[in-house]
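A.B. asks: below are the sequence and a predicted model for it; my questions follow.
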Amino acid sequence: MKKPYLLSIEYIRGISMLGVVAIHIGSQYLTNPTPNLFFVSLYETASRFSVPIFFFISAFGLFYKIDLSEPFDYIKFLRRRFKAVLIPYLLWSVFYIVHDNFFYGSGIPAPSYALEILFFGLAKYQLYFLVILIWFYLLMSLWIKILRVMTPAKLFLLLIVQIIFDYFSSYSVVLFEFINSLPSDSILKLFLMWRMNYLVLHYAFIFLLGGFFAVHSEKFFKWLAENKKIISAGFFLTLIILMGYFYYLVLVKNFSPIEAVNTAHQLSPPGIFYTIAASIFFFMLFENFKLGKFFEGFFGVMGKNSYFIYLFHPLAITYINLLFAKFNLVITATNSIIFYLLTILISLAVSLVWQKLK
């Protein structure tokens, strides 16, 4: 039986896209030598759910439509997914390589380096997400086998393993010293340096969690409806803990704001729990509450255009930055809000025009 279309997934894409743009505007705001810590934490910490939640809803969308008891057509699946992801990834990568050559004078890379750029998603800072997503697609048969035998107890064990793995990958001094000790031309060094850009193990739990909830969607939606207060409390509690971790690093440990941002991220233990809580919270919110025509329309439009905005918005950021520089505008807290809104509006406008021209 065909399952009903879920607007909540579209709305979550929309709100997640707003978070992705916020993270990148936060990077611009951090060029201010005395940034407001609250705005830094808002842009760079509160928005940290936005990248991994895309893996969550991608898995949910995939497994919501798949019957695990039926044979899986792997080739047909890859053909459809690669058309939607691989081709746009390659085209936009080439576009950014050419654009940045003209804009920054970075030059056209040699074939060997171009292959490195494409494999690790280095053409622009947001494109690594698609590389990881492609790897998730390539391993789809494995995820199906895992979810066929997945239980809540096994999910909990996987969560523990995920926390340990992400902590080691993010903070291990031994790992960093080993990477630095490798020769500069070492292939192993290259793969270890860019491990965050392709290694799906960093996000395996959140992907499988989305898939598990989709496989058991009826029970999941019933649980959401019955536990709205607990889910809301969990979301705000994990948000407070993650933001509190950021403030602790800056105010107690004397980290610079950018050092704190690079420590209190989505792969830190508080970040992982915040991502889980946010993924469940937004599903609960959009499935059980009417937000009004304006907000539902806004999140719906953002959701429908999220893919294009994701691919395009660094271009908007580049030229808005140029505009700010021309008028000698410092990116203050107020100007960062203007920067953020301009990025969203320009990216959305271009997306809407592009949809009409297709």
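C.D. replies: All right, it came through fine. Numbering: from 1, shown residues only.
A.B. asks: isn't D166 right next to L267, touching?
C.D. replies: Yes - taking contacts as CB atoms under 8 Å, D166 lies within contact range of L267: 4.1 Å. Heads up, the C-betas are built off the backbone N, CA and C, glycines and all.
A.B. asks: ok, and what's touching stretch 203-211?
C.D. replies: Under the criterion CB atoms under 8 Å, 6 or more residues apart in numbering, residues 52-53, 55-60, 62-63, 132, 136, 143, 146-147, 150, 155, 158-159, 161-162, 200, 272, 275-276, 279 lie in contact with stretch 203-211.
A.B. asks: please list only the buried members of the residues you listed.
C.D. replies: Among these, the ones that count as buried by 16 or more other CB atoms under 10 Å are 52-53, 55-60, 62-63, 132, 136, 143, 146-147, 150, 158-159, 162, 200, 272, 275-276, 279.
A.B. asks: which ones among the residues you listed lie within helices?
C.D. replies: 52-53, 55-60, 62-63, 132, 136, 143, 146-147, 158-159, 162, 272, 275-276, 279 (DSSP state H).
A.B. asks: give me the common contacts of D166 and L267.
C.D. replies: Contact with both D166 and L267 is made by residues H202, according to CB under 8 Å, 6+ apart.
A.B. asks: hang on, isn't L242 packed against L267?
C.D. replies: No - in this structure, L242 is not within contact of L267 by CB under 8 Å, at 11.8 Å.
A.B. asks: neighbour count: those two, which is higher?
C.D. replies: Using other CB atoms under 10 Å, the more surrounded residue of L242 and L267 is L242, with 27 against 21.
A.B. asks: secondary structure element for that one?
C.D. replies: Following DSSP states H and E, one finds L242 within helix 228-251.
A.B. asks: which element follows that helix toward the C-terminus?
C.D. replies: Proceeding N to C from helix 228-251, the next assigned helix or strand is helix 257-261, under DSSP H and E.
A.B. asks: output the contacting helices and strands for that next one.
C.D. replies: helix 37-41, helix 228-251 (3 or more CB pairs under 8 Å, 6 or more residues apart in numbering; DSSP states H and E).
A.B. asks: 10 Å instead, please
C.D. replies: Secondary-structure packing of helix 257-261 (3 or more CB pairs under 10 Å, 6 or more residues apart in numbering; DSSP states H and E): helix 7-29, helix 37-41, helix 228-251.
A.B. asks: which one of those helices lies closest to I344?
C.D. replies: helix 7-29 (6.0 Å; CB to CB).
A.B. asks: who touches the most centrally placed residue in the chain in this structure?
C.D. replies: Nearest to the geometric centre of the chain sits V51, at 1.3 Å (CA atoms, centre = their mean). Counting by CB atoms under 10 Å, 6 or more residues apart in numbering, V51 touches 16, 19-20, 23, 126, 128-129, 132, 203, 206, 265-267, 275.
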